[in-house]
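S.K.: give the three-dimensional model of this entry:
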Amino acid sequence: MAENKDLFDVVADFYPPESIEGVSWHGSRVILTLIDVEEDEVKKQALTKELEKIEGIDKVTILYTSERKVVNLSAIRGDAERSSWMIRGVKKIIAVASGKGGVGKSTTATNIAFALKKIGLKTALFDADIYGPSIPTMLGYEGTAPVSYDGKTFEPFEVMGMQTMSIGTLIGKDTPLIWRGPKACGALQQLLSDVNWHDVDVMVMDMPPGTGDIQITLSQQVRIDGAIIVSTPQDIALIDAVKGVNMFKAVNVPILGIVENMSYYLCPECGHREYVFGENGAKNTAEKLNVDFLGDVPLDIKIRMHADEGKPIVESEPESLFAKNYIEIAKKVKDKLKL
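M.R.: Predicted coordinates for the structure are as follows:
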């Protein structure tokens with residue numbers, strides 16, 4: 001394998017050494033992150049070509065990022081101007097978010113995206129969950145590198161009629177990303193902007209869980225048309241769901257509503273509902289926050305199994321109760337977006 005020293009020597013011919021923010025090796029593939037330098041496409045292509053001449057390097061991905069100031073939420077006011085990353089070919093963007101991990105956010109985002117497709121919208125699914133990208137697994141393209149015809153932009157994956165892209169396509173499955181907020185945001189910006197989205201009515205963005213720097217930056221820099229908060233019914237999850245709602249309100253992103261996941265267990269034999277995590281928690285929270293309750297989804301092994309197998313339940317069992325629940329949620333979202 002090539003050494004970092006060889007790589008640094010080549011980069012030094014193009015950029016100052018202090019501009020190297022990070023180098024990540026994935027076998028013979030290298031991801032190089034540069035900080036506080038202006039992106040120059042000609043220079044980028046030339047550097048890529050030189051790095052690929054190094055023995056042991058077959059492919060190079062160069063990401064640019066820049067330091068950003070920490071956002072002071074208390075300073076944000078009602079009609080504060082929001083700048084925007086350039087995302088071509090997409091009419092509407094909705095964020096699916098959660099105040100904490102482990103509530104089934106990515107599964108919910110994926111099935112809502114397919115439900116929107118089922119009701120006639122041309123839909124895309126973007127995996128912005130940079131520390132736990134699971135969409136490639138749920139859609140069956142894990143381990144597949146994205147295609148670029150011009151060496152500058154990526155083509156979205158086309159899966160079951162859905163356009164999709166994930167940060168997970170640029171890193172190894174078992175490789176942890178130890179990135180600070182600015183670096184992660186820079187990578188997401190490039191991936192969102194450098195994909196050739198094709199006439200998308202609505203993009204569903206699977207956000208990272210929580211309310212940190214990445215979530216705030218995405219909410220400010222991407223013109224998000226609405227946010228969906230996913231929560232389970234128990235109090236500990238709802239506390240964090242409230243934080244998620246308040247974060248989006250603070251950065252002027254409209255709240256489309258709350259979805260209660262793992263709402264109850266439905267006995268397949270007798271149809272009895274067992275409220276394992278409590279009853280109507282998300283619905284009551286929505287009322288208190290004066291936001292809409294979009295619907296609930298039961299706890300069922302089929303939803304998990306189909307996600308693990310790469311074919312979400314809305315696609316694999318479209319007539320099931322679970323698929324119908326997602327479709328009802330999607331109809332409400334479509335109406336709210338006026339699509």
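S.K.: quick check: mean pLDDT of stretch 309-328?
M.R.: Per-residue pLDDT over stretch 309-328 has a mean of 92.
S.K.: pull out the buried residues from that stretch.
M.R.: Neighbour-count burial for stretch 309-328 flags 310-317, 320, 322-323, 325-327 (criterion: 16 or more other Cβ atoms under 10 Å). For the C-beta atoms, the positions are set from N, CA and C on the backbone; glycine is no exception.
S.K.: need the contact partners of it.
M.R.: The contact list for stretch 309-328, computed with Cβ atoms under 8 Å, 6 or more residues apart in numbering, reads 107, 110-112, 114-115, 118-119, 137-140, 142, 160, 266, 295-298, 300, 302-303, 306-307.
S.K.: at 7 Å what do you get?
M.R.: 110-112, 114-115, 118-119, 137-140, 160, 295-298, 300, 302-303, 306 (Cβ atoms under 7 Å, 6 or more residues apart in numbering).
S.K.: which of these fall in helices?
M.R.: Counting by DSSP state H, these place Thr110, Asn111, Ile112, Phe114, Ala115, Lys118, Thr137, Met138, Leu139, Lys302, Ile303, His306 in helices.
S.K.: wait, the fifth one sits on Val333?
M.R.: No: proximity of Ala115 to Val333 does not meet the contact threshold set by Cβ atoms under 7 Å, at 8.6 Å.
S.K.: most centrally placed residue in the protein?
M.R.: Ala128 (2.4 Å; Cα atoms, centre = their mean).
S.K.: so how far is Pro298 from that residue?
M.R.: Distance, Ala128 to Pro298, using Cβ to Cβ, to the nearest Å: 27 Å.
S.K.: and what of Phe248?
M.R.: As judged by Cβ to Cβ, Phe248 and Pro298 stand 26 Å apart.
S.K.: which residue of those two possesses the greater neighbour count?
M.R.: Between Phe248 and Pro298, Phe248 has the larger neighbour count (other Cβ atoms under 10 Å), namely 25 against 19.
S.K.: now for the lowest-mean-pLDDT helix or strand in the chain, which elements pack on it?
M.R.: Sorting the helices and strands of the chain by mean pLDDT, DSSP states H and E puts strand 20-26 at the bottom, at a mean of 72. Counting contacts by 3 or more Cβ pairs under 7 Å, 6 or more residues apart in numbering; DSSP states H and E, strand 20-26 is packed against helix 4-11, strand 29-35.
S.K.: output the contacting helices and strands for the last one.
M.R.: If you count contacts as 3+ Cβ pairs under 7 Å, 6+ apart, strand 29-35 packs onto strand 20-26, strand 59-65.
S.K.: paired strands for it, with orientation please.
M.R.: strand 20-26 (antiparallel), strand 59-65 (parallel) (DSSP bridges).
S.K.: between the ones you listed, which one is nearest to Gly210?
M.R.: Minimum separation from Gly210 across the strands paired with strand 29-35 (Cβ to Cβ) falls at strand 59-65, 19.9 Å.
S.K.: list the buried residues for whichever helix or strand comes after that closest one?
M.R.: Next in sequence after strand 59-65, counting helices and strands by DSSP states H and E, comes strand 90-97. Neighbour-count burial for strand 90-97, counted by 16+ other Cβ under 10 Å, picks out Val90, Lys92, Ile93, Ile94, Ala95, Val96, Ala97.
S.K.: on the pLDDT front, check Lys5 for me.
M.R.: Value for Lys5, per-residue pLDDT: 66.
S.K.: please apply the same query to Val253.
M.R.: pLDDT, Val253: 91.
S.K.: need the contact list for it.
M.R.: Ser219, Ile224, Ala227.
S.K.: state the mean pLDDT of stretch 271-285.
M.R.: Averaged over stretch 271-285, pLDDT sits at 81.
S.K.: helix or strand right after the helix or strand encompassing Met205?
M.R.: Assessed by DSSP H and E, Met205 sits inside strand 200-206. With elements assigned by DSSP H and E, the helix or strand that comes after strand 200-206 is helix 213-221.
S.K.: what's that following helix packed up against?
M.R.: Judged by 3+ Cβ pairs under 7 Å, 6+ apart, helix 213-221 is in contact with helix 181-193, helix 235-250.
S.K.: now do the helix or strand just after the last one and strand 90-97, the angle between them.
M.R.: So that's helix 235-250. The first helix or strand that comes after helix 235-250 along the chain, using DSSP H and E, is strand 255-260. Relative orientation of strand 255-260 versus strand 90-97 (axes from the mean of the first three to the mean of the last three Cα atoms, to 10 degrees): 40 degrees.
S.K.: partners of strand 255-260 in the sheet?
M.R.: Using DSSP bridges, the strands paired with strand 255-260 are strand 226-231 (parallel), strand 293-296 (parallel).
S.K.: hey, which of those is tucked in deepest?
M.R.: Ranked by mean neighbour count, the strands paired with strand 255-260 are led by strand 226-231 with a mean of 28 (mean count of other Cβ atoms under 10 Å).
S.K.: what lies in contact with that strand?
M.R.: With Cβ under 7 Å, 6+ apart, strand 226-231 has contacts from 94-98, 103-105, 108, 237-238, 241, 244-245, 248, 253-261, 282, 294, 336-337.
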